[in-house]
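> predicted model, plus sequence, below.
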Amino acid sequence: MQKTRTLKDKILLVVKGIVMGAANKVPGVSGGVVAFVGGFYEEFIFSLRRFNYNSLLLLLNGRFKSFYYYTNLRFLLLLIAGMIFSFFSVSKLLDYLIDHYELYVWALFFGMILGSIYYISRDFENWNLRYLGFVILGIGVGVGISLMEPAQENDNLWFVFLCGIIGVSGMTLPGLSGSFILILLGNYVLLLVDSVNALYDTLVDLLSWDLSFLKDPERLRLLKVLAVFALGSLAGLVSLSHILGYVLKHYKSATFALIIGFITGSLGVVWPWKEELYKRDAQGNVLFDNLGDPIVDNYDRFWPDFTLTETWGGIAYIVAGAALVIWLSWYEHKKKQEI
């Protein structure tokens with residue numbers, strides 16, 4: 001499935017990786033939705049499925065060029081390059097925007113998810129009671145997840161590995177937010193804040209030939225946790241892609257109906273009008289992460305006050321987000337027709 005890609009296609013794929021990486025970091029937003037609306041979801045799943053026994057044999061026999069084409073590696077590398085760039089740059093900008101313009105950021109994501117639901121539902125042609133049932137099931141799972149109480153942080157390595165497998169679901173299954181699932185598992189701050197910051201600090205130290213971090217037990221613990229989490233994510237990507245590849249091949253319509261339900265159910269997580277509920281200790285004191293920021297436990301959602309100007313600003317961002325996704329899907333469809 002190795003496609004001939006122009007320079008413009010390659011740059012666009014990196015940009016999609018950047019958007020996918022940023023989406024994966026935001027609780028309630030699924031990077032899989034970006035892949036779905038961006039028109040590369042099935043190629044993404046197909047490419048991950050190619051990491052199997054046959055590809056292992058190609059590697060062991062030194063047939064690296066065959067391995068490259070068999071696994072559609074160029075596609076994955078361009079996408080992953082965008083995600084890595086996003087993780088250390090765009091996601092930082094996203095953190096800043098959420099801190100200073102939280103309502104508008106959530107409103108934009110809410111609109112984008114609404115646009116995604118419209119886009120996917122529009123092309124779904126097999127509506128009947130059976131598939132409507134799958135949509136309702138997906139909505140129920142999505143809403144149920146959003147109402148769950150978060151667990152306590154757990155840095156046990158086997159649990160961290162499990163978090164990697166479960167947390168990567170946001171990339172492979174549209175509508176399920178890997179970041180939000182990590183919040184529910186109690187390890188969002190540990191895995192996507194503290195450990196990533198430890199990696200960033202370590203890279204800076206290495207560039208300046210400073211190896212003092214080797215004597216820092218807390219830094220080494222976080223790096224070990226991040227490495228195990230990465231291994232779990234890799235295992236989850238490969239295993240989930242094989243499962244999804246099978247169901248897409250044999251139950252494509254049912255899978256798409258379930259995905260529509262998942263995405264719809266996730267709207268509650270990204271509802272723009274909400275207040276953060278912070279994690280507290282037994283005495284009721286707010287707990288803070290290593291950066292001194294309060295740890296978000298969950299959200300208290302409320303209906304907006306339509307007498308406020310910022311409410312209408314939020315609604316404008318919802319419309320803009322939906323319009324952006326619909327325009328992008330139209331552009332992708334037009335480009336495919338021209339090929």
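In hand now; what should we look at?
> how far does whichever strand or helix holds residue 315 sit from its chain's centre?
Of the helices and strands defined by DSSP states H and E, residue 315 is found in helix 309-338. Centre-to-centre, helix 309-338 and its host chain are 19 Å apart (CA atoms, centre = their mean, to the nearest Å).
> and that helix, what's buried?
By 16 or more other CB atoms under 10 Å, the buried positions in helix 309-338 come out as 311, 314-315, 317-318, 321-322, 325-326, 328-329, 332. No exception for glycine: its C-beta is placed from N, CA and C like everyone else's.
> longest helix of this structure?
helix 217-250 (DSSP state H).
> packing partners of that one?
On a contact count with 3 or more CB pairs under 8 Å, 6 or more residues apart in numbering; DSSP states H and E, helix 217-250 meets helix 41-49, helix 157-167, helix 169-172, helix 195-207, helix 252-265.
> pLDDT on it, on average?
Averaging pLDDT along helix 217-250 yields 86.
> report the angle between it and helix 41-49.
120 degrees (axes from the mean of the first three to the mean of the last three CA atoms, to 10 degrees).
> what residues does stretch 89-100 touch?
By CB atoms under 8 Å, 6 or more residues apart in numbering, the surrounding residues in contact with stretch 89-100 are 18, 21-22, 25-26, 104-106.
> counting neighbours, which of those residues end up buried?
Buried among those (16+ other CB under 10 Å): 18, 21-22, 25-26, 104-106.
> so which of the residues you listed belong to helices?
Per DSSP H, the subset of the buried ones among the contacts of stretch 89-100 in helices is 18, 21-22, 25, 104-106.
> which among those gets closest to residue 216?
residue 25 (25.3 Å; CB to CB).
> quick check, the closest one in contact with residue 88.
No - taking contacts as CB atoms under 8 Å, residue 25 lies outside contact range of residue 88: 11.0 Å.
> and the closest residue to residue 242 other than its chain neighbours, how many neighbours?
Using CB to CB, 6 or more residues apart in numbering and skipping residues adjacent in sequence, the residue nearest residue 242 is residue 49, 5.4 Å away. Using other CB atoms under 10 Å, residue 49 has 21 other residues around it.
> quick one: contacts for residue 49?
Residue 49 sits next to 241-242, 245 when contact means CB under 8 Å, 6+ apart.
> show me where the stretch 1-150 of the chain dips below the pLDDT cut-off.
Scanning the stretch 1-150 of the chain for pLDDT under 70 picks out 1-5, 27-28, 90-92, 123, 149-150.
> which stretches of it form helices?
7-25, 31-37, 41-49, 53-60, 64-70, 73-85, 91-100, 102-122, 129-146 (DSSP state H, counting those that start in this stretch).
> in the longest helix of the chain, what counts as buried?
In helix 217-250, counting by 16+ other CB under 10 Å, buried: 219, 222-223, 225-226, 228-230, 232-233, 236-238, 240-241, 244-245, 248.
> repeat that for stretch 127-134.
131, 134.
> just stretch 108-125 next, same as before
So for stretch 108-125, counting by 16+ other CB under 10 Å, buried means 108-117, 119-120.
> make JSON lines out of these and add distance to residue 133.
Below are the buried residues of stretch 108-125 laid out as JSON lines (distance: CB to CB, whole Å):
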{"residue": "108", "distance to residue 133": "32"}
{"residue": "109", "distance to residue 133": "28"}
{"residue": "110", "distance to residue 133": "26"}
{"residue": "111", "distance to residue 133": "28"}
{"residue": "112", "distance to residue 133": "27"}
{"residue": "113", "distance to residue 133": "22"}
{"residue": "114", "distance to residue 133": "22"}
{"residue": "115", "distance to residue 133": "25"}
{"residue": "116", "distance to residue 133": "21"}
{"residue": "117", "distance to residue 133": "17"}
{"residue": "119", "distance to residue 133": "22"}
{"residue": "120", "distance to residue 133": "17"}
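> for residue 198, what are its contacts?
Residue 198 neighbours (CB under 8 Å, 6+ apart): 219, 222-223, 226.
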